[in-house]
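K.L.:
task: produce atomic coordinates for the following.
(3 chains)
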Amino acid sequence: MALPLGNTVAQPAWRRPALRGKLLVGGALLGIIVLLALFAPIVAPFPPEELHVADRFQAPNAIYLAGTDELGRDVLSRTLYGSRLSLFLGLAATFIAMLIGIPLGLLAGYSRGWLDELIMRLLDVMMSFPPIILILLVLAVMTPNLAKTALVVGLLYVPAVARLARSVTLSIAAEDFIQAARARGESRLYILFREIMPNAWPPLVVDASLRVSFAILLAAVLSFLGFGVQPPQADWGLMISQSRSFLQISPWIALTPGIVMCLTVVSLSLLGDGLREHLDPRLRHGPGL
Amino acid sequence: MLVYVLQRLASVTVILIAMSILVFAVVNLLPGNTAIIMLGSYSTPEALAALEAKLGLNDPLAVQYWRWATDALTGDLGNSLVMERPIAPILWDALQRSAILAIAAIVCVAIIGILLGVVAALYEGRLTDHAVSLFGYLGMAIPEFFWAIVLIILFSSYLGWFPTVGYEPLSAGLWPFLSHLVLPVVTLTLTLIAHISRLTRSSMLDVLQSSYIRAARARGLPERVVVMNHALRNGLLPTITVLAQDFGWLIGGIVVIESVFAYPGLGRLLIFSIERHDLPFVQAIVLVVTATFCLANLGADLLYAALNPKIRYGASSR
Amino acid sequence: MKRQTNKGLTEAIRSIGRFVAAALLILGISIGSDAQAESTLYAAHPWTPDTLDPALMKLGGSEYNFAYLVYNSLTSFNNDLTVRPDLAESWEANEDLTVWTFHLRTGVMFHHGREMDTEDVIASYERIIAPDSGSVLAADLGMIETMEAIDSHTLRITLKQPYAAFPAIVAANQAKILPRDRLETIATEPVGTGPFRFVEYLPGDRIVMARNEEYFEEGMPKLDQVIFTIIPEYASAVAALEAGSVHIVWQIPPEESERLKASSTAHADVIPSGSWYAVALNAGMPPFDNAELRKVFMGLFDKPAFTDIATFGYGTPTHTALPPYHPFYDNELPMTAADPAVVAEAIAALGLEAPLELTYWYPKDTAYLERLGIALRDVAQRAGITINLSPAPDDKFYAEIEGQQPLYGTSFSGRTTPDTMLYAWYHSSGSWNKNLWKYSNPEVDEILDKARQSTSEEEQNALYRRFQEIIVEDGPGAAIFVANHANGVHNSVVGFEPSPLLWLDLRGVTLNE
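P.N.:
Predicted structure coming up:
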């Protein structure tokens, strides 16, 4: 009675426009956020650390578009500057994960045999930790800061990236043109990086776009718990964390970075989904978190 | 099947050993002297040396590891540095309370997530589908601590429906027990549900369009039977594995949620012991949590194998 | 086709709905049956005790409050910081203040049923004084030369040096009287003489205490049970307070006090406390070993403005660690801050080699000190001085930063006598001074030594006023403000008075349901 999981390759034609919609909306939104973060010094109405003690706890108004916080700092400006940290964390962590994970996955997937076993088992050990627990364990014994947070989050994602890279490599390595290259006597490095890599990027890019959003959220959680970015620097997570006690009297202090973070993550998810469905219909289920 | 089970058991054992070494290494190789922490800043060098000898901190690391690991196997997790009492009973109590939270949440995630996913698949492309997917995006895009705070303000402060914080044992009554669980479980569910519902939706879509379902429909089976008996059963298979993966995220979520809701579980103990640098306690908690996670994964793998005959003979990697 | 699908599904949803409705009904019935314990007061604290052994306590909060309810000292404090009898009914000293005789209350029973006597006091103090005790009180009780039991309820203590305020020393949180036959197990099975006896401790969750029927103060305590719950999030704790599931939230931050102003079910009890917050200019290392620079730099401390920024008006600016409500506080002394531009010129005039760039360190979860640093940085910037803020985890801060960096923010809880408030911090031989900022001023030393041995209030007053004048000009940094202490209190709580020493005095409290 067990029939295969019916992996229909063909997409109903009417679903296509939605895909482009996702890509477009996600990409545009993300573009705006990134631009705003990049040009924060120009766009932000106030320096992020400037105190306006007389204007503490101001609700959003014409001067302070998103209100002020407990020290009279402009919430909008701080959120814009905070974007830089959060985006940096997300991108840096993802970059680290890919920098280490992709070569590992390629190597494991292409060489098979004992090397594959060794790499995969090591990664299994890492993956057998619940994600936050491993990070907390490391940060428990070190003093946290921005760079360490990015590094630790990045390392945490290495196994997932490596596994994806490996499975992609496995399927590509079976293709004819790889067999041909091998028959030509090309070196392993050449095959890995000139033949397989160029064909492996679509699922990896999709994965990366989603991973950035996971990393941003994870970094925010770490900041919230006090193990991430350290004050007085503030990423979105720390802004929310520090202003949570003012949530009832001045909700805008936490809500502004909260909403921007939410928009960023949604736009990254949309972008990732859009890319995934656009580039590689077979990968619709994705590799999971 | 037996071979597969043995294989998985063996690999989990290896992983557990490797993992315990890693936990031990992280805590012992990175700076932070246990004896200094125990005595506080008022310690004299003599007292420090005596204590180090008593704790066996001067032994080679391998000896210390062996002692720690074998003690842990017999259920002795050592003593808390700051609370000066055995770790195991405290940890066991907290583990039970966390387990209640985790199980309640995972059940809610599974039921509601699958339900939403099925609904979305059946109403594919329509308003309901989009609503479910928007809901999912929001759940995912807002971190649990933010949800938690919003829920506390809404349901405790304004509406006064549920207690905000803490925990009551079942012996205090059914409602006090359940009411303390509602908000934490809702928060955890919100953040995890999107993953399951999206996965269910896409695998249901695949199944619904498969020749197998078309055949069932062609045989004139009622749509309800088709959906419930045929499509769901096959569509759910991948969900099991993902639920096990989500369990890892759930544990992370629990750490955060327990802080915000002052729920006395393992997560809060972990944060407490990290803040106080109670390293033996940190070690013990991480060990127990990770072992639980491994076993959950093992369980999911075996269940998956039992349900899906194909894998019984397949390679060990999934 | 789609229509049919929906039907199957609707039915499934409906049957789930029926199940949920039934479950809710059962729940609804059980709501009413919630067994009401007699009168139980829940008090929320932000952190769990490290220890229940009073001698080893140093965290404060839940620890000291537990100690206050379960144990007693020989003496204690009234809310105006005068010493009151506790286990000692009375005491007297010889002429030169070196020999103190305490007369113990008779008939006081420990929770395990034995009467407290002089030997218990001696055993409790010896335990603290022992070199490896690890008690923060070891140094203070170290002034004891000998202890002698005159009879079962009279104790004579001889000091190594004269000390006028010795009865205040034995009121310390750590100096609790423990049963000498239970010292070994005191941390896990606490036994004392206090109004409540220990029942259960679940670390990170709660401490349960029950009424001590044998308590020596007539008609007290009135509550049947006290439960300390541990709630790290203030917002959660205050929400629980408003909902009535917690009756008192110990020490809430100003923003929660503000919030409670609008509450119909709870309020904030705010009183001044002795807890003081300071910016340290470490005289023991460059650049602040330069006394001239220190003097100029202190011109940046606009205390009223800093206090406002850091505490939102829930603090009072002060000259030194002596709080503004103390009788010896010098109200005449002006509190001035220089124009940043003037400070910039003065610093330029000092001819330093490099422009000043400093790091202000602070323990990372102390919001007051963080905001204090932000305020300082803002003013300093206008004087052309760059200050970077750097938070450190608490344990690292106290072990590696405090006293070992030139500039940092720190805080202390209030002491009870002028001598204990000041000596250790400003006298060149003071224990805190050596740790914190290595300040040395012969005139200050002389004043503090004289005041400590003086029995004339008038003389002490004059000495301490002169002391304040000096410190404001030339100090090792500055105490900026003393903070208020606020408890969130549910309206059903009757007879609760907040203590400036931050204790929860629940002896006479009742609940009005």
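
K.L.:
got the buried residues for the helix or strand containing A:Gly272?
P.N.:
Mapping A:Gly272 onto the secondary structure by DSSP states H and E places it in helix A:252-279. Within helix A:252-279, the residues scored as buried using 16 or more other CB atoms under 10 Å in any protein chain shown are A:252-262, A:264-277. Just so you know, the C-beta spots here come from the backbone N, C-alpha and C atoms, and that holds for glycine as well.

K.L.:
which of these are close to chain B?
P.N.:
Of the entries in the buried residues of helix A:252-279, those that also sit close to chain B under the rule CB under 8 Å from any CB of the partner chain are A:254, A:258, A:261-262, A:265-266, A:269-270.

K.L.:
residues of the stretch 1-150 of chain A that sit close to chain C?
P.N.:
Checking the stretch 1-150 of chain A against chain C by CB under 8 Å from any CB, the hits are A:49, A:51, A:53, A:56, A:70-71, A:143.

K.L.:
among those, show me the least confident.
P.N.:
For the residues of the stretch 1-150 of chain A next to chain C, the weakest pLDDT value sits at A:Thr143, with 69.

K.L.:
show me what contacts the most centrally placed residue in chain C?
P.N.:
The structure's chain C has its C-alpha centroid closest to C:Ser413; by CA atoms, centre = their mean the separation is 4.3 Å. In this structure, C:Ser413 makes contact with C:60, C:273-275, C:501-502, judged by CB atoms under 8 Å, 6 or more residues apart in numbering or on different chains.

K.L.:
dump these to JSON lines, plus pLDDT and secondary structure.
P.N.:
As requested, these are exported to JSON lines (pLDDT from 0 to 100; DSSP: H, G, I helix; E, B strand; the rest coil):
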{"residue": "C:Gly60", "pLDDT": "81", "secondary structure": "coil"}
{"residue": "C:Ser273", "pLDDT": "86", "secondary structure": "strand"}
{"residue": "C:Gly274", "pLDDT": "85", "secondary structure": "strand"}
{"residue": "C:Ser275", "pLDDT": "89", "secondary structure": "strand"}
{"residue": "C:Leu501", "pLDDT": "85", "secondary structure": "coil"}
{"residue": "C:Leu502", "pLDDT": "87", "secondary structure": "coil"}
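
K.L.:
ok, of the residues you listed, which one's closest to chain A?
P.N.:
C:Ser275 (18.8 Å; CB to the nearest CB).

K.L.:
and the next helix or strand past the helix or strand where C:Tyr68 lies?
P.N.:
Here C:Tyr68 sits within helix C:62-70, counting by DSSP H and E. The first helix or strand that comes after helix C:62-70 along the chain, using DSSP H and E, is strand C:75-77.

K.L.:
got a list of contacts for that following strand?
P.N.:
Contacts to strand C:75-77, defined as CB under 8 Å, 6+ apart, come from residues C:83-86, C:88, C:91, C:167-168, C:170-171, C:416, C:499, C:501.

K.L.:
got it, and stretch A:187-200?
P.N.:
Stretch A:187-200 has contacts (CB under 8 Å, 6+ apart) with A:102, A:106-107, A:110-111, A:165, A:168-169, A:172-173, A:175, A:177-178, A:181-182, A:186.

K.L.:
ok, the residue of the stretch 1-150 of chain C found nearest chain A - contacts?
P.N.:
For the stretch 1-150 of chain C, the nearest residue to chain A under the criterion CB to the nearest CB is C:Pro46, separated by 11.7 Å. In this structure, C:Pro46 makes contact with C:61, C:230-232, C:234, C:237, C:250-251, judged by CB under 8 Å, 6+ apart.

K.L.:
by neighbours, which of the residues you listed wins?
P.N.:
C:Ile231 (30 neighbours; other CB atoms under 10 Å in any protein chain shown).

K.L.:
got the contact list for that one?
P.N.:
Taking CB under 8 Å, 6+ apart as the criterion, C:Ile231 is in contact with B:165-166, B:262, C:44-46, C:237, C:240, C:246, C:249.

K.L.:
point out where the stretch 51-200 of chain C drops to low pLDDT.
P.N.:
Counting by pLDDT under 70, the stretch 51-200 of chain C shows no low-confidence range.

K.L.:
list the contacts of stretch A:111-130.
P.N.:
Contacts made with stretch A:111-130 from outside it, assessed by CB under 8 Å, 6+ apart, are listed as A:104, A:107-109, A:134, A:137, A:156, A:158-160, A:162-163, A:166, A:188, B:11, B:14-16, B:18-19, B:22, B:247-249, B:251-252, B:286, B:289-290, B:293-294, B:297, B:317.

K.L.:
quick one: buried residues of that stretch?
P.N.:
Buried, per 16+ other CB under 10 Å, within stretch A:111-130: A:116, A:119-120, A:122-130.

K.L.:
run a quick check on A:Leu76 versus A:Ala40, I expect a contact.
P.N.:
No: the pair A:Leu76 / A:Ala40 is not scored as a contact, 10.2 Å apart, by CB atoms under 8 Å.

K.L.:
what about these two, which has more around it?
P.N.:
Per other CB under 10 Å, whichever of A:Leu76 and A:Ala40 has more neighbours is A:Leu76, with 23 against 18.

K.L.:
and the residue of the stretch 101-250 of chain C closest to chain B?
P.N.:
Using CB to the nearest CB, the single residue of the stretch 101-250 of chain C nearest to chain B is C:Asp205, 3.3 Å away.

K.L.:
check contacts around that residue.
P.N.:
Under the contact definition (CB under 8 Å, 6+ apart), the residues listed for C:Asp205 are B:166-167, B:264, C:48, C:229-230.

K.L.:
now pLDDT and distance to C:Leu448 too, for those, in TSV please.
P.N.:
Conversion of the contacts of C:Asp205 to TSV gives the following (pLDDT from 0 to 100; distance: CB to CB, whole Å):
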residue	pLDDT	distance to C:Leu448
B:Gly166	68	47
B:Tyr167	73	51
B:Pro264	82	47
C:Thr48	82	37
C:Thr229	90	42
C:Ile230	86	40
